[in-house]
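Chemist: got a sequence here, can you build the structure:
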Amino acid sequence: MRLLGDKVKQYRKQKNLSQQELAEGICTQATVSLMEKKNKVPSIKIILQICRRLNVSLGDILAGMGSSLDEQFDRISRAVRSGDYADASRLLDQLNMASVQNAFDRERYHYYRGFVELGAHQQPDEAIFHFNLLLHRSYRMPWDLYAIVGNVGMAAAYLERKEYEKAHYYLREAMTYLDNYEWHEKEEFCRLIWARYRIAQLYLQLEQPQLVNENAEAALRVVKQQASLYLIDVLYELKGEAETALLAAPAAKRSFSIAKTLALVTHNVALQQRLATQATVVD
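Modeler: Predicted coordinates for the structure are as follows:
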């Protein structure tokens, strides 16, 4: 792992910050100078705080962040986000745990294992164990993406256990982090939209339609800004469900109609089938 001091300087100048302003409350101005001029790596805590202030990810200022397991974790990620937990479980079981050596890979492992225990094995206690290990690290850096998805996972696990107060607590935590998070890469964008989608789903189960609507709309704003189709069809479906519960029939009809059209565009057969049962609302 190597610090890219010129990148730190570049991002600092983009924010119109002096070295002293960047360092304030984190480290000394001399430390920032050494980072920029000599590529000196201070503690990981300082690097994370610098990233937070600059609104960049670790990968933006560090080289050698890659892992030999990236491709495997990417496949697991796609399976989890598509809801194919059986495939995610199969792929996770194929991981050579001897290769899971660095902290980043361990965080990813616990994150995916938590969702697999929930989605494939219906084991909320096991899921909570893994999410706790994840959040134990992430709480030191609450802007970390895994703090967001870890809280979503904890909420889902406690909802499965019918511990509703704890489910609400972790959902509020996830939403607080989401409101303050600035994404920079496509993978981060996808995970953040997925987190909003899952939060909306969980609030639907908790019979909180207003919060379902708020999270679906927050996700839709970002998706539209990026001219993306990622989860847009099911987000409109959730919006329609929330509006139905709120007795906003015209709005619900519009949302379901949009979802139905988008399901054809995205070739989402499962959604098409679900919406077919709501024909009296959609048509």
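Chemist: buried residues, the top helix by length along the chain. List them.
Modeler: If you go by DSSP state H, the chain has its longest helix at helix 186-205. Neighbour counts over helix 186-205 (16 or more other C-beta atoms under 10 Å) mark 189-204 as buried. (C-beta placed from N, C-alpha, C; glycine too.)
Chemist: just stretch 27-45 next, same as before
Modeler: So, applying 16+ other C-beta under 10 Å, buried residues of stretch 27-45: 27, 31-36, 42.
Chemist: out of the buried residues of helix 186-205, which one sits closest to residue 162?
Modeler: residue 202 (12.9 Å; C-beta to C-beta).
Chemist: got the contact list for the closest one?
Modeler: 152, 155-156, 159, 167, 171 (C-beta atoms under 8 Å, 6 or more residues apart in numbering).
Chemist: try 6 Å
Modeler: By C-beta atoms under 6 Å, 6 or more residues apart in numbering, the contact set of residue 202 is 155, 159.
Chemist: any idea how far it lies from residue 175?
Modeler: Using C-beta to C-beta, to the nearest Å, residue 202 is found at 11 Å from residue 175.
Chemist: and what of residue 246?
Modeler: Look at residue 246 and residue 175: by C-beta to C-beta, they are 19 Å apart.
Chemist: quick one, which of those two is more surrounded?
Modeler: Neighbours were counted for residue 246 and for residue 175 using other C-beta atoms under 10 Å; residue 175 has more, 21 against 14.
Chemist: ok, and the closest non-adjacent residue to that one?
Modeler: residue 199 (6.5 Å; C-beta to C-beta, 6 or more residues apart in numbering).
Chemist: doesn't residue 215 make contact with the one you found?
Modeler: Yes. The pair residue 199 and residue 215 passes the contact test of C-beta atoms under 6 Å, sitting 4.8 Å apart.
Chemist: low pLDDT regions in this protein?
Modeler: 1, 64-68, 99-102, 137-144, 182, 184-185, 279-283 (pLDDT under 70).
Chemist: got the domain ranges for it?
Modeler: Using automatic domain parsing, the domain ranges for the chain come out as 2-63, 67-181, 212-283.
Chemist: contacts only, for residue 37.
Modeler: Counting by C-beta under 6 Å, 6+ apart, residue 37 makes contact with nothing.
Chemist: which of the three states applies to it?
Modeler: Residue 37 carries the three-state label helix when classified by DSSP: H, G, I helix; E, B strand; the rest coil.
Chemist: if I look at it, how far off is residue 218?
Modeler: Taking C-beta to C-beta, one finds residue 37 at 41 Å from residue 218.
Chemist: all strands for the stretch 51-200 of the chain, in order.
Modeler: Ranges of strands within the stretch 51-200 of the chain are 62-63, based on DSSP state E, counting those that start in this stretch.
Chemist: what are the ranges of the helices in it?
Modeler: For the stretch 51-200 of the chain, the helices defined by DSSP state H, counting those that start in this stretch cover 58-61, 70-81, 85-93, 103-119, 124-138, 145-160, 164-179, 186-205.
Chemist: would a markdown table of those with distance to residue 225 be doable?
Modeler: Converted to a markdown table, those look like this (distance: least, C-beta to C-beta, whole Å):
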| stretch | distance to residue 225 |
| --- | --- |
| helix 58-61 | 21 |
| helix 70-81 | 20 |
| helix 85-93 | 29 |
| helix 103-119 | 26 |
| helix 124-138 | 26 |
| helix 145-160 | 19 |
| helix 164-179 | 15 |
| helix 186-205 | 10 |
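Chemist: so of these, which one's packed in deepest?
Modeler: helix 145-160 (a mean of 25; mean count of other C-beta atoms under 10 Å).
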